[in-house]
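Participant: fold the following and give me the result.
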Amino acid sequence: MADEKKMTLEEVNQYMQEKCGFVPRMFKIINTVTPEPGRTFADFYASIFGEGALSKSVKELMFMSGGVAYCSPRCIIHVVPAINAGATSEQVFEAASVGMILAGFVPNGPGIPYAFEYALKCIDIDTKFRKGEEWEYLPPPKFDHGIY
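Facilitator: Numbering: from 1, shown residues only. Predicted coordinates for the structure are as follows:
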């Protein structure tokens, strides 16, 4: 790895886009400081989410579905790489629906009504992304988490 050329911010963001299907929010910040963690994460991500017994789109939809079940806004973003891997809007809807139901059955889960909002958000992101519209829904990162 010492012989590898150090990537620029633009190169590592492009590398992550190719390997992950998106640049995770935290790496939009980390990559401005140092590109190596982004490159390493992208390689790890690609090894897990790459084509195998399950397709990449199925794996991304599974992750998105888990995000719906646990009401995780940072996990439902996997709708974007799922679309990039070939998932249809109908598949996004069905995976989001499974996540919504799962929220009602896992111990200490958030419950179906709360997960329903995240399922709707997945469908909204799907629609906006396919139209080329802005789909980001979280505010920019703030560095006051935990400070009251």
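
Participant: residues touching residue 74, list them.
Facilitator: Shown in contact with residue 74 (CB atoms under 8 Å, 6 or more residues apart in numbering): 25, 67, 138. In this view, the C-beta of every residue, glycine as well, is placed from N, C-alpha and C.

Participant: now the biggest helix by length in the chain, how far from the centre of its chain.
Facilitator: If you go by DSSP state H, the chain has its longest helix at helix 112-131. Its chain's C-alpha centre and that of helix 112-131 lie 13 Å apart, by CA atoms, centre = their mean, to the nearest Å.

Participant: how about that helix as CSV, C-alpha atoms only?
Facilitator: C-alpha atoms of helix 112-131 as CSV (Å, rounded to 0.1, in the frame of the first residue of the first chain):
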residue,chain,number,x,y,z
ILE,A,112,-44.8,-0.3,12.6
PRO,A,113,-46.3,3.3,12.6
TYR,A,114,-42.9,4.8,13.2
ALA,A,115,-41.2,2.6,10.6
PHE,A,116,-43.9,3.5,8.2
GLU,A,117,-42.5,7.0,8.0
TYR,A,118,-39.1,5.6,7.0
ALA,A,119,-40.7,3.3,4.4
LEU,A,120,-42.3,6.4,2.9
LYS,A,121,-39.0,8.2,3.0
CYS,A,122,-37.4,5.3,1.0
ILE,A,123,-40.1,5.6,-1.6
ASP,A,124,-39.7,9.4,-1.7
ILE,A,125,-35.9,9.0,-2.2
ASP,A,126,-36.5,6.4,-4.9
THR,A,127,-38.8,8.8,-6.8
LYS,A,128,-36.6,11.8,-6.5
PHE,A,129,-33.4,10.0,-7.3
ARG,A,130,-34.9,8.5,-10.5
LYS,A,131,-36.1,12.0,-11.6
